[in-house]
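Participant: quick one, fold the following:
(one chain, ligands or ions: 2)
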Amino acid sequence: MRVLGIESSCDETSVAIVEDGRKILSNVISTQIDTHKLYGGVVPEIASRKHVEAINLVIDQAFGEAGLSFQDIDLVGVTRGPGLIGALLVGLSAAKAFALASGKEIVGVNHMHGHVCANYLAHPDLEPPFISLVISGGHTYLLEVKDYLDFEVLGQTRDDAAGEAFDKVARALGIGYPGGPIVDQLAQKGKSRDIFPRVMLEKDSYDFSFSGLKTAVMNYLNQAKQRGEEIIVEDICASFQDAVLDVLVEKSLRLLKDKKMKTLVLSGGVAANSALRSRLQEAFQGTDYKLYYPPKILCTDNGAMIASAAYYTYQNHRGQSLYADPSLGI
Ligand code: KG4
Ligand code: ZN
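Facilitator: Ligands and ions are numbered 1, 2, ... in the order given. Have a look, this model is predicted:
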């Protein structure tokens, strides 16, 4: 079954064609990062307009790259939430128009399911059940993935998402947007010091809280400025990143143990973080625990993960409504 996947929930217009939920035939990503960079973050109205400009071109390119035509598609899958309302509506309108004109079926897809499904594209052997740490710009979840579409939320953020914390700290440091990849790079050259809090919450909780950490970094920077101390950006990045990773790693490992599960799957933009990957790889070395994560291009938003999620949604007769829902839960 060939699925056309359309993603437009934030600042990437992306369209892909995927076979049977696993094989990428094309995956075109048009990013708006250079535009939003000028404002230090995503401006929703500009995002919507940019999606309108890009969507038809990106659809054409996805067919071109796959060497397929409209008749070769069996199903259309499109992100219906969570995300920015105007941005979601552009993808949904394009997908509905395509389905209507071509007579193909269409399913609405949960963007967060898509992030988990990115792993099925990268790892042909991966099947549920597993634990997934889903860490993106807008969400942070620890999930028990019992089946392709059976998710139990065991932990989530109570305030800022992990990626949001990276982006806000990067903004405070004036090092650019999106912050995650830049902090990741600079941290490699920095010296980590234990100067920021690790917020673990209640003893048994798998929930997260990153807003206090973000504030602690900002306070540290203000005080250092007032005292006329030199700020070594690389060291701040390394210290902040370690504070985030200590919490993510501790809670993920504890959940695996508590649930007696051996497979951890990383998804979402922050899963691209090189220190997180190597830390977990190290922790699992010589054990029978398994770690999976997608290549970086499939960690951040893309149409292929939506096509994969659409395939499993359709197979499970679980087509979601086609209304945009900015705060859609898992
Ligand atoms: O999943 P995603 O593309 O968009 C959302 O659905 O939110 O995630 C984007 C987030 C941004 O906050 C970005 O800073 C973060 O992922 N990110 C990273 C890295 N690459 C992207 N965070 C840490 N380290 C990275 N290498
Ligand atoms: Zn995303």
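
Participant: what sits against the spatially most central residue of the chain?
Facilitator: By Cα atoms, centre = their mean, the mean C-alpha position of the chain lies nearest to residue 268, the distance being 2.3 Å. Applying Cβ atoms under 8 Å, 6 or more residues apart in numbering, we find residue 268 in contact with 115, 134-136, 139, 163, 299. C-betas here are computed from N, CA, C, even on glycine.

Participant: same question for residue 306.
Facilitator: 5-7, 14, 16, 77-79, 109, 111, 114.

Participant: quick check, pLDDT for the residue nearest to the centre of the chain.
Facilitator: Looking at residue 268, its pLDDT stands at 97.

Participant: same question for residue 213.
Facilitator: Confidence score, pLDDT, at residue 213: 97.

Participant: just say helix, strand or coil for it.
Facilitator: Using DSSP: H, G, I helix; E, B strand; the rest coil, the structure places residue 213 in helix.

Participant: spell out which parts of the chain neighbour ligand 2.
Facilitator: 136, 301 (Cβ under 5 Å from the ion).

Participant: what's the domain layout of the chain?
Facilitator: According to automatic domain parsing, the chain comprises the domains 2-117+298-315, 126-297.

Participant: check what pLDDT the spatially closest residue to residue 122 that is not a sequence neighbour gets.
Facilitator: Closest residue to residue 122 apart from its sequence neighbours, by Cβ to Cβ, 6 or more residues apart in numbering: residue 294 at 4.4 Å. With respect to pLDDT, residue 294 has a value of 98.

Participant: again, but for residue 132
Facilitator: In this model, residue 132 is scored at 98, pLDDT.

Participant: in the stretch 1-150 of the chain, what residue is nearest ligand 2?
Facilitator: Ligand 2 sits closest to residue 136 of the stretch 1-150 of the chain, with a gap of 4.3 Å, by Cβ to the ion.

Participant: state the phi and psi torsions of the nearest residue to that residue once chain neighbours are set aside.
Facilitator: Distances taken as Cβ to Cβ, 6+ apart put residue 268 closest to residue 136, at 3.5 Å, once the chain neighbours are dropped. Residue 268 has phi and psi values of phi 90, psi 170 when expressed as degrees, to the nearest 10.

Participant: against residue 296, how distant is residue 268?
Facilitator: As for residue 268, its distance to residue 296 is 12 Å (criterion: Cβ to Cβ, to the nearest Å).

Participant: tell me how many other residues surround residue 259.
Facilitator: Using other Cβ atoms under 10 Å, residue 259 has 14 other residues around it.

Participant: that one: what's it in contact with?
Facilitator: Applying Cβ under 8 Å, 6+ apart to residue 259 gives the contacts 131, 144.

Participant: ok, now how distant is the residue of the stretch 1-150 of the chain closest to ligand 2 from residue 115?
Facilitator: Distance, residue 136 to residue 115, by Cβ to Cβ: 6 Å.

Participant: same question, residue 250
Facilitator: From residue 250 across to residue 115, the span is 22 Å (Cβ to Cβ).

Participant: those two: who's more crowded?
Facilitator: residue 115 (29 against 12).

Participant: ok, the more buried one - contacts?
Facilitator: Residues near residue 115 by Cβ under 8 Å, 6+ apart: 134, 136, 267-268, 305.

Participant: 6 Å instead, please
Facilitator: Residues near residue 115 by Cβ atoms under 6 Å, 6 or more residues apart in numbering: 134, 267-268.

Participant: leaving out the residues flanking it, which one is nearest to it?
Facilitator: The spatial neighbour of residue 115 that comes closest, neighbours along the chain excluded (Cβ to Cβ, 6+ apart), is residue 267 at 4.1 Å.

Participant: do you know the pLDDT at the nearest residue to residue 81 once chain neighbours are set aside?
Facilitator: Of all residues not flanking residue 81 in the chain, residue 328 sits nearest, at 3.2 Å (Cβ to Cβ, 6+ apart). pLDDT, residue 328: 96.

Participant: just checking, residue 328 touches residue 85?
Facilitator: No. Using Cβ atoms under 6 Å, residue 328 is not in contact with residue 85, being 11.2 Å away.

Participant: those two: which is more packed in?
Facilitator: Per other Cβ under 10 Å, whichever of residue 328 and residue 85 has more neighbours is residue 328, with 22 against 15.

Participant: let me see the mean pLDDT of the helix or strand where residue 97 lies.
Facilitator: Assigned by DSSP states H and E, residue 97 belongs to helix 85-102. In this model, helix 85-102 has an average pLDDT of 98.

Participant: now name the helix or strand holding residue 154.
Facilitator: Assigned by DSSP H and E, residue 154 belongs to strand 150-156.

Participant: please identify the residues of the chain in proximity to ligand 1?
Facilitator: Residues of the chain lying close to ligand 1 (Cβ under 6 Å from any ligand atom) are 10, 136-138, 163, 166-167, 178-181, 184, 268-270, 272-273, 300-301.

Participant: which of the residues you listed fall in helices?
Facilitator: Using DSSP state H, 163, 166-167, 179-181, 184 are the members of the residues of the chain next to ligand 1 that sit in helices.

Participant: shaky segments in the stretch 51-200 of the chain?
Facilitator: The stretch 51-200 of the chain contains no residues with pLDDT under 70.
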